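K.L.:
Need a 3D model of the sequence below.
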Amino acid sequence: MKTRLCVIANDGVLNPATRLRIAQFVPAFEDAGYTVETFYVPYSDGVREWSMRELYTTLRASDVVFVQRALSWPLLRLLQLAGRPFVFDFDDALHYIRQRQYSAALAPTSMRDRAVVLYRTIVRGGRFYSSRKRMLDSAIRNAAAVVVVPTSVAVDEFPMRKHGNVVPVRIGWIGVPSNLFHLRLLESVFATLTARYGDRIRLVIVSNVGLDDLPIDTEFVQWSLETESDVTASFDIGIMPLQDDFFSRGKCSFKAIYCMGHGVPVVISPVGMNTELVENGVNGFLADGDDEWVDALARLIDDSGLRATMGAAARATIEERYSSNRIFALLRGLLAGITQKTAPIR
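P.N.:
Next up, the predicted model:
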């Protein structure tokens with residue numbers, strides 16, 4: 001008898017979290033004998049293609065439910081009423097959103113109330129599937145089992161960057177527009193490098209919008225699902241600057257993982273999971289402060305051999321620890337444990 005899996009996820013496959021945390025695994029689950037019903041929750045300006053009654057009926061008939069970020073009040077309440085075992089994918093610090101994104105009058109109450117509902121829902125019978133165990137505070141850790149499953153990529157399908165003596169050296173950043181502000185943390189770094197290298201270096205921003213006022217020659221590439229892999233394979237260096245706050249410590253290091261999977265060495269801030277992903281000086285550099293950023297980037301700009309060596313080590317790291325095939329096996333075991341098809345994961 002097939003296991004019935006209900007997936008509730010934000011937006012659709014163009015949403016990075018939805019695509020990487022669950023959608024990429026749906027074909028593999030179906031090949032493994034699961035029946036998968038997927039419900040994508042649109043953002044506020046989107047149109048929902050299903051009814052709450054349809055979702056509730058599916059929930060009640062499911063053996064296990066996988067929830068990826070969907071945090072609306074009605075959905076959380078429906079999970080409580082359905083009473084089915086579920087996994088909540090906590091791939092960001094969802095119970096914490098930077099105050100700068102919301103008005104002071106609205107943010108504290110709305111986010112606190114949402115967190116309370118989330119905690120109470122989980123107490124009713126959920127298990128966490130998380131990219132970062134550190135992000136979970138004591139209330140969550142005491143309420144449900146926590147299984148740390150990293151964000152993964154289909155590294156076997158990625159082209160490998162072929163490093164050589166190129167001009168300009170392409171320093172790449174890929175991400176959603178809401179994270180572009182992190183690049184401004186490096187404005188003085190970019191200014192120093194531009195003074196040293198001039199037009200021999202270029203910052204490549206892959207997103208839905210760009211920045212045109214940074215003190216470095218900048219190329220904007222419109223993000224698309226079809227071209228993101230080839231564009232990333234054109235980077236010589238990948239970067240992931242982060243400010244050190246609670247939200248950033250909960251990030252899953254996807255920018256770095258994606259670049260490294262293409263054989264691109266990275267320079268990243270030593271924040272959160274970044275410190276677990278990169279062995280400093282081996283498969284990339286950890287840089288804290290302007291001087292370390294300038295030094296690390298300059299070493300890679302000056303030495304294509306170092307870029308090739310580090311890039312190969314970076315690719316090996318992703319193949320060994322963050323490949324989709326490996327992570328699917330972990331996720332399948334997690335769901336099997338919940339549905340009591342095999343011994344539970346501990």
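K.L.:
need the strands for the stretch 151-300 of the chain, in chain order.
P.N.:
Secondary structure of the stretch 151-300 of the chain (DSSP state E, counting those that start in this stretch): strands at 169-174, 201-207, 218-222, 237-240, 266-268, 284-286.
K.L.:
Can I get those strands in CSV including mean pLDDT and mean neighbour count?
P.N.:
From N, CA and C alone the C-beta is placed, and that goes for glycine too. Below are the strands of the stretch 151-300 of the chain laid out as CSV (pLDDT from 0 to 100; neighbours: other CB atoms under 10 Å):
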stretch, mean pLDDT, mean neighbour count
strand 169-174, 98, 23
strand 201-207, 98, 21
strand 218-222, 98, 15
strand 237-240, 99, 28
strand 266-268, 99, 27
strand 284-286, 98, 24
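K.L.:
Tell me which of those strands lies nearest to Glu292.
P.N.:
Closest to Glu292 of these, according to CB to CB: strand 284-286, at 7.8 Å.
K.L.:
now for the closest one, which elements pack on it?
P.N.:
The helices and strands touching strand 284-286, judged by 3 or more CB pairs under 8 Å, 6 or more residues apart in numbering; DSSP states H and E, are strand 266-268, helix 274-277, helix 290-302.
K.L.:
which of the ones you listed has the lowest average pLDDT?
P.N.:
Comparing mean pLDDT across these, the weakest is helix 274-277, with a mean of 94.
K.L.:
Of all the strands of the stretch 151-300 of the chain, which one comes closest to Ser248?
P.N.:
Of all those, it is strand 237-240 that lies closest to Ser248, at 10.1 Å by CB to CB.
K.L.:
which residues touch that closest one?
P.N.:
169-174, 182, 186, 232, 253, 255-256, 258-260, 264-269, 274, 297, 300-301, 307 (CB atoms under 8 Å, 6 or more residues apart in numbering).
K.L.:
what's the nearest residue to Phe254 if we skip its chain neighbours?
P.N.:
Take Phe254 and drop its neighbours on the chain: the residue closest to it by CB to CB, 6 or more residues apart in numbering is Thr151, 5.4 Å away.
K.L.:
Please list all residues in contact with Val64.
P.N.:
Contacts of Val64 by CB under 8 Å, 6+ apart are Thr3, Arg4, Leu5, Cys6, Arg84, Pro85, Phe86, Val87, Leu335, Ile338, Thr339.
K.L.:
from these, which single one is nearest Phe247?
P.N.:
Taking CB to CB as the measure, Phe247 lies nearest Val87 of these, at 22.4 Å.
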